[in-house]
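> this is a predicted model, with the sequence first.
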Amino acid sequence: MVETKNLKDKNALINKATTKNTISKKAGRKSAAKKTVKKNNSSKNNRPKNPAPTSNFPRHEVEKSLRIPRTILEQNAGKDTSEAEVSKYIGVKGVSSGPPAVEISSAIKYGFLERTGQKQFKLTDLSKRILRPQTQDDEVKGYRQAILNAPVISEVYKHYRGENLPDRTFFENALIETFKVPQEKLTEFIDIFLASLTTARLVEKTGDKYRLLDISSEGDKTLVDTDSEIRKLSRNTSLSADDSCFVMMPFASPIGDYYKKIYEPAIEKAGLKPIRADNEIFGVGKIIDQIWEGINTAKVLIGELTGRNANVFYELGLAHALKKPVVLISSNEGDVPFDLQHIRVIYYDVHDPFWGQKLIDKVAENILSAIRNPEETILFK
């Protein structure tokens, strides 16, 4: 009996110890799980809420992006070419990663190469037009088409065509905010952009200013789909049926005639009502009251600076004092006051046979752009 009792007591002690160890292990597992959860939560919290933006622009200048297409044309007569053959032609182990892959990506973005399979490339007609030109204009027109093909580069060109590029600080701000170029890539992008436009003869440098030429149309051929650009801007711009655009310009010919020929249709194309301070619009009354009303109630204004007209400059001063967005326009840089040259100005050339339509389209775009981004057109912040 004594032995049986001792045996029972011994078993009870063993069961108690086993239970205690089990509870301790479970507690340990829960504690470890809590630590893991905390660690995972900490990892989530350390992740950036807004990932850094990426940009899709070609990472090579337009001319340098022709190296591999030129090699394919010379080494393989322009026929479809495999990755292995491209590697052999340019003397590398492979082109699916690293710098060769980036170079191929640039060539594709400019429209010089196409992928016909997972590891196969085709030379485009655009490449052949530049590399084997058959007319005097083939090369430069080919480069210009490549600029219009390139992501981001084409968007920046179309935005500023017919204008001087802003000063470096303002240009960089626009690239970051409007075109989503990462800040760490700004210098790289600007270098590629200017070099590529120089190759395509789309930029002129005067002093420290870069003027982008407008090639939106050549004869009956439209190179830039301006209607599409205007529709895109309109979708993101808030307008009402009563919104007006007040035009500040001389009345005398020939510039005074541009109101009916250029500015009125451009304003209507942008979806606003055109207004000019003359008797035809306002009727009898104090002209200064009419001007003040027109400027004060306008959603956006146009300032035709050609000829340095004193009345225009007076009205422009009122507009800027009211912090109104103004689309500035001139036929030459000499008529633009120095203290306005950091603001966007459209320049037109009456000797260009297509200047009228180009100016109508560009003014319509800039009106909508000024409403969306008034900081680009307001003198005083």
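Yep, it's here. Numbering: from 1, shown residues only.

> quick one: contacts of stretch 343-363?
Residues from elsewhere that reach stretch 343-363 (Cβ atoms under 8 Å, 6 or more residues apart in numbering): 160-164, 166, 211, 214, 216-219, 226, 229-230, 261-263, 265-267, 269-270, 302, 305, 326-333, 336, 366, 376-379. To be clear about C-beta, it is placed using only N, CA and C from the backbone, and glycine gets the same treatment.

> filter those residues down to the buried ones, PyMOL style.
Remark: buried members of the contacts of stretch 343-363, expressed as a PyMOL selection using 16 or more other Cβ atoms under 10 Å:
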select buried, resi 160+161+162+163+164+166+211+214+216+217+226+229+230+262+263+265+266+267+269+270+302+305+326+327+328+329+330+331+336+366+376+377+378+379
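
> okay, now Met249: neighbour count?
24 (other Cβ atoms under 10 Å).

> swap that for Leu175, please
22.

> might you calculate how far the helix or strand hosting it sits from the centre of the chain?
Using DSSP states H and E, Leu175 falls within helix 168-177. Centroid displacement of helix 168-177 relative to its chain, using Cα atoms, centre = their mean, to the nearest Å, is 10 Å.

> buried residues, it. List them.
Phe171, Glu172, Ala174, Leu175.

> same for it, what does it pack against?
Taking 3 or more Cβ pairs under 8 Å, 6 or more residues apart in numbering; DSSP states H and E as contact, the helices and strands that helix 168-177 lies on are helix 186-199.

> what is the helix it packs on packed up against?
Using 3+ Cβ pairs under 8 Å, 6+ apart, helix 186-199 sits against helix 138-149, helix 153-160, helix 168-177.

> let me see the mean pLDDT of the shortest one.
The pLDDT scores in helix 153-160 average 96.

> likewise stretch 139-147?
pLDDT averaged over stretch 139-147 gives 97.

> and it, what's buried?
Neighbour-count burial for stretch 139-147 [16+ other Cβ under 10 Å]: Glu139, Lys141, Gly142, Tyr143, Arg144, Gln145, Ala146, Ile147.

> shaky segments in the protein?
For the chain, applying pLDDT under 70 flags the ranges 1-54, 217-222, 279-285, 379-381.

> which stretches of it form strands?
Secondary structure of the chain (DSSP state E): strands at 81-82, 113-117, 120-123, 203-206, 209-212, 217-218, 221-222, 244-248, 273-276, 300-304, 326-330, 345-347.

> and the ones you listed as TSV, adding distance to Glu293?
As requested, these are arranged in TSV below (distance: least, Cβ to Cβ, whole Å):
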stretch	distance to Glu293
strand 81-82	67
strand 113-117	58
strand 120-123	62
strand 203-206	39
strand 209-212	36
strand 217-218	37
strand 221-222	39
strand 244-248	9
strand 273-276	9
strand 300-304	13
strand 326-330	17
strand 345-347	26
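
> looking at the contacts of stretch 343-363, which are in helices?
Among the contacts of stretch 343-363, DSSP state H puts Tyr160, Thr226, Glu229, Ile230, Pro265, Ala266, Ile267, Lys269, Ala270, Asn366 in helices.

> how near is the third one to Ala364?
Glu229 sits 9 Å away from Ala364, taking Cβ to Cβ, to the nearest Å as the criterion.

> next: Ile262.
Taking Cβ to Cβ, one finds Ile262 at 10 Å from Ala364.

> no further queries at this time; thank you.
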